[in-house]
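Asks: Could you look at this predicted model? Sequence included:
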Amino acid sequence: VSKSGSIRECREALEELYEFLITHGIGNPNAIHSILDQFTDAGFTDQNFSEKQGGKH
């Protein structure tokens with residue numbers, strides 16, 4: 001699994017969690033994609049920063 005693969009796996013898990021919450025009337029369905037996109041962007045930004053620093057998390 002590539003480093004970006006772990007970010008994608010986390011995003012998929014979050015998508016499943018949000019689908020469960022929305023199905024059960026919990027949360028704002030309009031905010032889901034924005035939150036997931038922000039998570040993904042933050043994950044890739046952090047990954048790129050870590051690679052530039054030569055370290056791992």
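Replies: Here it is on my side, so go on.
Asks: Y18 - how many residues pack around it?
Replies: 19 (other CB atoms under 10 Å). No exception for glycine: its C-beta is placed from N, CA and C like everyone else's.
Asks: Surely it touches I32?
Replies: Yes: the criterion here is CB atoms under 8 Å, and Y18 meets it with I32 at 4.7 Å.
Asks: Now stretch 37-45: buried residues?
Replies: T40, G43 (16 or more other CB atoms under 10 Å).
Asks: and that stretch, how far from the chain's centre?
Replies: 6 Å (CA atoms, centre = their mean, to the nearest Å).
Asks: Can you show me the CA trace of that stretch as CSV?
Replies: The C-alpha coordinates for stretch 37-45 follow below in CSV (Å, rounded to 0.1, in the frame of the first residue of the first chain):
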residue,chain,number,x,y,z
ASP,A,37,-12.6,16.7,0.8
GLN,A,38,-11.0,18.8,3.6
PHE,A,39,-9.8,15.6,5.3
THR,A,40,-8.3,14.3,2.1
ASP,A,41,-6.6,17.6,1.2
ALA,A,42,-5.2,17.9,4.8
GLY,A,43,-3.9,14.3,4.6
PHE,A,44,-2.1,14.8,1.3
THR,A,45,-0.7,18.2,2.5
